[in-house]
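Participant: coords please:
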Amino acid sequence: MTQPGARSAAKTAAGDKPVFAYIASLPHPQRGIAERIDAPGAESLPGIQRAVKWGMAYYGVDGGWCFSCGGFVGHVKLMFIRGTEIRPEPPVTPIAMGKSTRGVEIASLADLDEGQLALWMKQAATMPFVGGKKR
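Facilitator: Purely as a prediction, here's the structure:
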């Protein structure tokens with residue numbers, strides 16, 4: 001596991017298989033949290049695209065990225081790339097992930113509000129971030 005705030009050593013790779021391998025590599029409880037984030041993500045994003053980038057799992061549609069999920073010491077970060085445009089705005093402003101990125105830090109399965117996450121994911125799917133540009 002990485003140090004607090006540090007990214008994973010997972011290699012950059014596109015596709016479902018690398019993301020599932022990344023999630024499987026996480027210790028518990030982070031693995032269980034990431035698995036519970038992946039499932040509604042797949043349901044919320046028709047034609048979902050997955051990749052491991054910058055040591056985190058990324059999820060997107062139409063060639064653009066919508067949100068990322070990464071395991072850190074003691075929690076999982078779920079970050080929405082255009083989070084300032086999502087309502088209600090997710091509460092966490094991450095360091096070094098872009099001015100409009102917002103998200104949540106989830107320490108246990110009990111902290112997971114699947115209904116809220118699904119609403120945010122559905123909103124994020126309507127506005128993927130493509131190559132430094134908003135669509």
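Participant: neighbours of T93, just the number please.
Facilitator: Neighbours of T93 under the rule other CB atoms under 10 Å: 15. In short, each C-beta sits where N, CA and C put it, glycine included.
Participant: Any figure for the gap between it and G103?
Facilitator: Counting by CB to CB, to the nearest Å, the gap from T93 to G103 is 8 Å.
Participant: Would you mind pulling the contact partners of the top helix by length along the chain?
Facilitator: Selection of the longest helix in the chain by residue count, based on DSSP state H, yields helix 30-44. Helix 30-44 is contacted from outside by 1, 19, 23-24, 26, 48, 57, 59, 67, 69, 71-72, 75-76, 78, 106, 108-109, 112, 114, 117-118, 121-122, 124-125, using CB atoms under 8 Å, 6 or more residues apart in numbering.
Participant: Which elements pack onto the lengthiest strand in the chain?
Facilitator: Secondary structure of the chain per DSSP state E: the longest strand is strand 64-72. Packing partners of strand 64-72 (3 or more CB pairs under 8 Å, 6 or more residues apart in numbering; DSSP states H and E): helix 30-44, strand 56-61, strand 75-80, helix 114-125, strand 129-130.
Participant: Can you report how many residues neighbour Q49?
Facilitator: So Q49, with other CB under 10 Å, has 19 neighbours.
Participant: I misspoke; the intended subject was V19.
Facilitator: 25.
Participant: which stretches of this protein have low pLDDT?
Facilitator: 1-10, 131-135 (pLDDT under 70).
Participant: do that again at 50, thanks
Facilitator: Residues of the chain that meet the criterion pLDDT under 50 lie in 1-7, 133, 135.
Participant: need the contact list for the spatially most central residue of it.
Facilitator: Taking CA atoms, centre = their mean, the centroid of the chain lies closest to S68, which sits 2.2 Å from it. Counting by CB under 8 Å, 6+ apart, S68 makes contact with K53, W54, M56, A57, Y58, Y59, K77, L78, M79, I81.
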